[in-house]
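J.: Just the structure for this:
(2 chains)
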Amino acid sequence: MRDLANLAIETARRRGASYADVRVMDIRHRDISTKNGEVGTLAESESLGLGIRVIAGGAWGFSSTDRLTSEGVQACAAEAVAIAKASALAKRENVSLAPEKTHVDTWQNPFLKDPFRIPVETQIGLLLAADKEMRRVKGVTVAEGSMSFRRIEQLFVSSTGSSIHQVKMQSGAGIVATSFAGTEIQKRSYPNSFGGQHMLEGYELIESLDLVGNAGRIAEECVALHSAAQCPEGQQTVILGSSQLGLQIHESIGHPIELDRVLGMEANFAGMSFLTTEKLRTLKYGSDIVNVVADARLEHGPGLGTFGYDDEGVSAQCTPIITDGLFTGYLSSRETAASIGEKRSGGTVRCESWNRLPMIRMTNISIHPGTWKYDDLIADTDDAILMETNRSWSIDDKRYHFQFSTEIGWEIKGGKQGRMIKNPSYSGITTEFWNSCDAICSRDYWTLWGTPNCGKGQPQQVMGTGHGAAPARFRNIKVGVAFAK
Amino acid sequence: MAHKNAQPSRKDLESIAEKVLKFSDAEETEVDVGSSTDALTRFANNTIHQNVAEHTLGISVRAVVEGRTARATTNKTDDESLRRTVAAAMTLARNQPKNPDLLPLIGKQKYQKVSRFFSSTAGATPEDRARSVTRVCKMAHKAKQTAAGIFASGESRSVMANSRGLVAHYEQTRAEFSVTILEANSSGWTKANSPDIRKLDPEELAENAARTATISREPREIPAGRYTTILSPAAVLDLVGFLFYDFAATAVLDKRSCLTGRLGKKVFGDNITIWDDAYHPLQSGPPQDGEGVPRQRVLLVDKGVPKNLVYSRATAKKMKAKPTGHGFSLPNEYGEAPMNLVFSGGNKTTEEMIKTTERGILVTRLWYIREVDAYEKILTGMTRDGTFLIENGKIAGGVRNFRFNESVIEMLAKVDMMGIPVRAAGEESFEMVVPPMKVRDFHFSEVTKF
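T.: Numbering: from 1, shown residues only, chains lettered A, B, ... in the order given. This is a model prediction of the structure:
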């Protein structure tokens, strides 16, 4: 494959490219799902191909192919250069890239158990055991489970001499109980909604989740939601569980700090950002206890945003995003970093597959843990709603106004957890919300969540991102508006 | 372009399918072979900033072994890889419990012809797209506006075959143009797609978006509340698109459709009639489903009453109905869904809707729509790229964007006027044939800052 990658670079050079980089990616998937005691999806897939990105005539071109012959690769590289020359027809200025050292390296995330070597009947057996536990609970109408595994082997080669080989192994699983009664559909998921928990780990992640041990509990909660009290409407203190806070970070911090959005490159689809460049190091994003980083390094944890190098050959970094409440950093690429005068890319560029152009994606956007023990936080709270596990999420195209709802809530009264609340929802304006944060739980309650389904770009690319979060408290938040009449 | 020659022919795909069937010693085997070429020119800040192309080929094999089935997929076409993929599907199939709902594969079928391949689209070059985009960017620059968007074109070809003699071919082209025109504090947007690139007029679309941006300048904040609201076809599409899976028989069987307990009852207004019609001239997609069953036209809603569901073969057997040709590729847990929704619509123009509105809101585009309540079908989302106040039958200017929380079921019971249905393109749903609508008491719950 290295020879083909070099051939693509050479072809691009000969055709007039001033810069070229190539990604050869070999991606293997296994997907399993079960529903009501039966196997649903049972599929494996593999995809091998090459994508080449070039600058020619001062403009970008990209092409990709799975015809991995000398002829196929040369045609692909030639097409990328021809496309770049067509792009130059509408050029306003030449593309400029922030410098990056040449890297020749290999990187692989550590894992204990290769999920593709675990017998598929073992994996199905685990999901069906959890399924059975959920269906033991009267009132559960649908029990579902899923597992997915990805192995991504990739070679990056650039015309400036970088050559980086990386292997990433990713695992994930989750279960869901659904109950229909009267005129209501309720749902409970574990360990998180929309596919569960996903990390850059092996099958040991799945074994650590204890899906079977939690199946009965979420099924009972799901059925109990039908008779729970409706979430009230008004202004209230809210405590968010760690997975919900992870999604809150994703939507109201992770996306607005993408520098391509800020610079208008995503204006037609994903939208722009309220974080215009004059706000860097001047905007009070959150309260003094809010500290957020974008950290792709392995020492941050095996998140879906962890890697050795990004997909334009920049090594993994930790960028302070919010420091003691102050907005201090963007997610950048070599091109966008150069355009705002930064000396180096933040190393956040990734692509979904060999046939997609690399673009700025969240790495692991995580809030630093605070100091609170969870029980102390509850005991310190007089009147609040604790909201757990996301049910719906929506935010405007500049990332100001959001509304989230969660699967379940609990009343907190006089420092104690009280009755169950159904259909909890809250809404707000991003900076007002983060400035209202007055307590974050400690490292003991901090989880690095994986969001496997973040969509961005045209053509759209789905990417995994990581979000470390611990339960946190927010004051004076609008609740219940989603169901207001 | 060198790669144009690389697009495999129908015969190339058939020969791969034949090989797979020959290599398989499973009791039954199904194979899907598909190839596509897609290119997309992306622009922002009045310049092209991304310009991409891709060429892909996929071979997906489903094996049936002792009442069990599984699927394996590859993009490698050498004999060894094809044999390995067949073996992988068989191994996966063996290592699972028996599936009591699994039916034998179907044999040869007859399909209604659809013509959705246009050489004008397949022949579009990066230069063609760049020239159109350059004209749009120049228009914007001249008007002191900023343009961002995409111009995409592509073609795909597929063959489905199985060991019982079924062979189904399909080929189509696609073209899409979408543009956002930005001013200092306002924006406008349009999007259109068609299998035939000649049906798209990028400059006209950009002019419409530019007009929206101009007349929505200096948006003022007005209070949230319930307003008579005129929704563009794109906005209608992105709302009603959330209903499509509710018409799946599996969703009703699982009691997670909003039509559970509502079939045969008057749920929507008299003026709401919805078909699923893969053969409608404004529709796209193949005339067969994921198992090769010919797609049927199905009357889903008749004058406000949900009448029929769509069925895969297995769900039809369970519910003592006939398959309608809407099944997904097996194995899957979702069953089926109507993918070609067509609303009957009305005959009013958007201008007539505005003229007859004393006070209301005109919406260009909706954004980030998510389901808040699955049974009442309450959706939340934002307006975007041109939201207007209407007063005394006229557009009174732009307003800041709203968040809405609205039940689609209730919305379709309070539609006062509809226009002629068009092939609408949005962001949350695949394309459907829907009209613009004027709706009473649409619930805008909050306002954002722009």
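
J.: out of everything not next to it in sequence, what's closest to B:S344?
T.: Nearest residue to B:S344 in three dimensions, chain neighbours excluded: B:T273, at 4.0 Å (C-beta to C-beta, 6 or more residues apart in numbering or on different chains). Backbone N, C-alpha and C define where each C-beta goes, glycine included.

J.: meant to ask about A:Y285, not that
T.: Closest residue in space to A:Y285, ignoring its immediate chain neighbours: A:F327 at 4.3 Å, by C-beta to C-beta, 6+ apart.

J.: The residue nearest to B:S344 contacts B:F343, doesn't it?
T.: Yes - when contacts are counted by C-beta atoms under 8 Å, B:T273 is listed as touching B:F343 (7.3 Å).

J.: Between these two, which is the more surrounded one?
T.: Under the neighbour definition other C-beta atoms under 10 Å in any protein chain shown, B:T273 and B:F343 were set side by side, and B:F343 has more, 24 against 18.

J.: measure that one to B:I420 for me?
T.: Applying C-beta to C-beta, to the nearest Å, one obtains 10 Å for the distance of B:F343 from B:I420.

J.: which residues touch the residue of the stretch 201-350 of chain A found nearest chain B?
T.: Of all residues in the stretch 201-350 of chain A, A:A267 sits closest to chain B, at 3.8 Å by C-beta to the nearest C-beta. For A:A267, the set of contacting residues under the criterion of C-beta atoms under 8 Å, 6 or more residues apart in numbering or on different chains consists of B:A44, B:T146, B:A148, B:T180, B:L182, B:S187.

J.: Could you check the longest strand along chain B against chain A for contacts?
T.: Longest strand in chain B, counting residues (DSSP state E): strand B:47-65. Yes - contact between strand B:47-65 and chain A is present through B:47-58, B:60 (criterion: C-beta under 8 Å from any C-beta of the partner chain).

J.: Just put the residues you listed in CSV and tack on pLDDT and neighbour count.
T.: Below are these laid out as CSV (pLDDT from 0 to 100; neighbours: other C-beta atoms under 10 Å in any protein chain shown):
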residue, pLDDT, neighbour count
B:T47, 95, 20
B:I48, 94, 29
B:H49, 93, 22
B:Q50, 93, 24
B:N51, 93, 30
B:V52, 93, 26
B:A53, 91, 26
B:E54, 92, 25
B:H55, 90, 25
B:T56, 93, 20
B:L57, 95, 23
B:G58, 97, 17
B:S60, 98, 22
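
J.: what's the most distant pair in those residues?
T.: The largest separation in those, counting by C-beta to C-beta, is between B:T47 and B:S60 at 39.1 Å.

J.: Tell me the secondary structure of the spatially closest residue to B:R198 that is not a sequence neighbour, please.
T.: Nearest-residue entry for B:R198: B:S120, 5.2 Å, with adjacent residues in sequence omitted and distances by C-beta to C-beta, 6+ apart. Under DSSP: H, G, I helix; E, B strand; the rest coil, the three-state class of B:S120 is helix.

J.: quick one: B:S120 and B:S194, what's the gap?
T.: In terms of C-beta to C-beta, B:S120 sits 10 Å off from B:S194.

J.: Compare those two (neighbour count), which wins?
T.: Summary of the neighbour comparison: B:S120 and B:S194, criterion other C-beta under 10 Å, with B:S194 having more neighbours (21 against 15).

J.: What residues are bridge-paired with that one?
T.: According to DSSP bridges, the partner residues bridging B:S194 are B:A175.

J.: Next: A:S47.
T.: Under DSSP bridges, the beta-bridge partners of A:S47 are A:I27.

J.: What residues does it make contact with?
T.: A:M25, A:D26, A:I27, A:D66, A:S353, A:W354, B:G58, B:T73, B:T74, B:N75.

J.: tell me the contacts of the last one?
T.: In other words, B:N75. Each residue near B:N75 by C-beta under 8 Å, 6+ apart is listed here: A:E46, A:S47, A:L48, A:G49, A:D66, B:T56, B:L57, B:G58, B:I59.

J.: Run a quick neighbour tally on residue 34.
T.: Chain wasn't specified; assuming chain A. Other residues within reach of A:T34, judged by other C-beta under 10 Å, total 29.

J.: I was thinking of chain B, sorry if that wasn't clear
T.: Other residues within reach of B:G34 by the criterion other C-beta under 10 Å amount to 17.

J.: Look at it and tell me its secondary structure.
T.: Going by three-state DSSP: B:G34 is strand.
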